[in-house]
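Engineer: The following block contains a protein sequence and its predicted model.
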Amino acid sequence: MEERKNTGRIYLQNVDNANEHGSFLPEVAPIRQSNLCAEIDLPTKPLTDLNDPDGEISLCTLSAINWGNVKTPQDFEKACTLAVRGLDALLSYQGYPILAAQLSTEKRRPIGVGIINFAYWLAKHDLNYQDIDTNGLELIDEYAEAWSYYLIKASADLAVEHGCIPGINETKYGQGITPNQTYKKDLDELIKHKERMDWKGLRKQLKDTGIRNSTLMALMPAETSAQIANATNGIEPPRSLISVKQSKHGVLKQVVPEFKRLKNKYDLLWDQRSPEGYIKIMSVLQKYIDQGVSVNTSYNPAFYEDEKIPLSTMIQHLLMFYKYGGKQLYYFNTHDGQGELDVSKMVSEMEETPLNGAEIDYDEDCESCVI
């Protein structure tokens, strides 16, 4: 824990949670590791040589759905169907430079659909990360359940059309078991288990005709793709209402969605006294995810005595994460106050002359794609 705090780069995996609450049967296809960004949980096998047909290099082809454009849980159906069909087609289209990667992908056809603009979704529903209550967790649970259901249903329907995966017998899906059955039951302390969708019918379909993809969800960091969509970063709280990123191509200024209307609703990262609320939200999302969530823990020393984060506090959060079913932890972020922008001044300037006089479109009824 000291090393994680001091370097920020000791990434953790609760491998038992990853196996017990994953889509694979651990006795035949165990999860041994995750990827660097800590959201992928797929079986791997070592290679004896470059063309070893028994080795397994796991790849996961990813996309994300913009929750900010979703108004009701039923809105997920079209977006999830398009995401699954698009990614599955890509698996057949793309080339594979290593045999172990090709054979593994063909056997399991893993994909991972994530989330972007989650902070915007929270702000729209008058929710925040640190003071999340039971009602807020229930709303997240309702939307996450529909998102998960429609992803699994899309893959099950695709299996009827094109056949199920060759590795179906190594998955829990093949036995009609869905992620909301294998989650860590300690989570029921935070929110009671509900099934609002037709899970009974879907589980029967999975048993009868199988599934096209061994995995369907993974919450990746999504930093670059979120910028392109002018969305908040994955499932993370924004560090500022206005972010400025410099590169060799110039300066990119990005403003959180619906800045004027919601600027007082956004829960900024360094305003949070503790990551506990964030951990609880990630645990509710994890309930419906067959792979993992790239979870960061972030601390602002200003909220602690002598600006020192107690080791006992960090361990408490680590154990909370494990208790509620967390699989992987990515970055350990500590606010040092270095290189901070004068955000209050920028916000004031935005209110007076948005984007140097340009009009900002605050229309939340935009019909742009939600994938």
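Structural biologist: Thanks, I have it.
Engineer: for the protein, what spans make up the strands?
Structural biologist: 12-13, 61-66, 111-116, 242-247, 250-255, 295-299, 328-334 (DSSP state E).
Engineer: can you tell me the average pLDDT over the third one?
Structural biologist: In this model, strand 111-116 has a mean pLDDT of 97.
Engineer: Could you number the chain from 307 rather than 1 from now on?
Structural biologist: Noted, 307 is the first residue going forward, which turns the last one into strand 417-422.
Engineer: ok and it relative to strand 367-372, angle-wise?
Structural biologist: 30 degrees (axes from the mean of the first three to the mean of the last three C-alpha atoms, to 10 degrees).
Engineer: so how far is strand 417-422 from its chain's centroid?
Structural biologist: 6 Å (C-alpha atoms, centre = their mean, to the nearest Å).
Engineer: The residue nearest to residue 634 when sequence neighbours are not counted: neighbour count?
Structural biologist: In space, residue 634 comes closest to residue 344 once its chain neighbours are excluded; the distance is 3.7 Å by C-beta to C-beta, 6 or more residues apart in numbering. No exception for glycine: its C-beta is placed from N, CA and C like everyone else's. Residue 344: 24 surrounding residues under other C-beta atoms under 10 Å.
Engineer: Check residue 344 and give its pLDDT.
Structural biologist: Looking at residue 344, its pLDDT reads 96.
Engineer: how about it, what does it touch?
Structural biologist: Contacts for residue 344 (C-beta atoms under 8 Å, 6 or more residues apart in numbering) come out as 317, 319, 598, 600-601, 634-636.
Engineer: one more time with 6 Å
Structural biologist: Listed by C-beta atoms under 6 Å, 6 or more residues apart in numbering, the contact partners of residue 344 are 317, 600, 634, 636.
Engineer: quick one: contacts for the residue nearest to residue 521 when sequence neighbours are not counted?
Structural biologist: Leaving aside its sequence neighbours, residue 521 sits nearest to residue 416 (C-beta to C-beta, 6+ apart; 4.3 Å). By C-beta under 6 Å, 6+ apart, the residues touching residue 416 are 348, 366, 520-521.
Engineer: if you set the cut-off to 8 Å instead, what comes out?
Structural biologist: So residue 416 contacts 348, 364-367, 519-521 (C-beta under 8 Å, 6+ apart).
Engineer: follow-up on the earlier one: output the strands of the chain in TSV; the columns should cover mean neighbour count.
Structural biologist: Output for those, formatted as TSV (neighbours: other C-beta atoms under 10 Å):
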stretch	mean neighbour count
strand 318-319	19
strand 367-372	22
strand 417-422	28
strand 548-553	12
strand 556-561	12
strand 601-605	22
strand 634-640	21
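Engineer: Turn those into a markdown table, columns for distance to residue 307.
Structural biologist: Output for the strands of the chain, formatted as a markdown table (distance: least, C-beta to C-beta, whole Å):
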| stretch | distance to residue 307 |
| --- | --- |
| strand 318-319 | 10 |
| strand 367-372 | 30 |
| strand 417-422 | 28 |
| strand 548-553 | 30 |
| strand 556-561 | 33 |
| strand 601-605 | 11 |
| strand 634-640 | 9 |
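Engineer: This completes my enquiry, with thanks.
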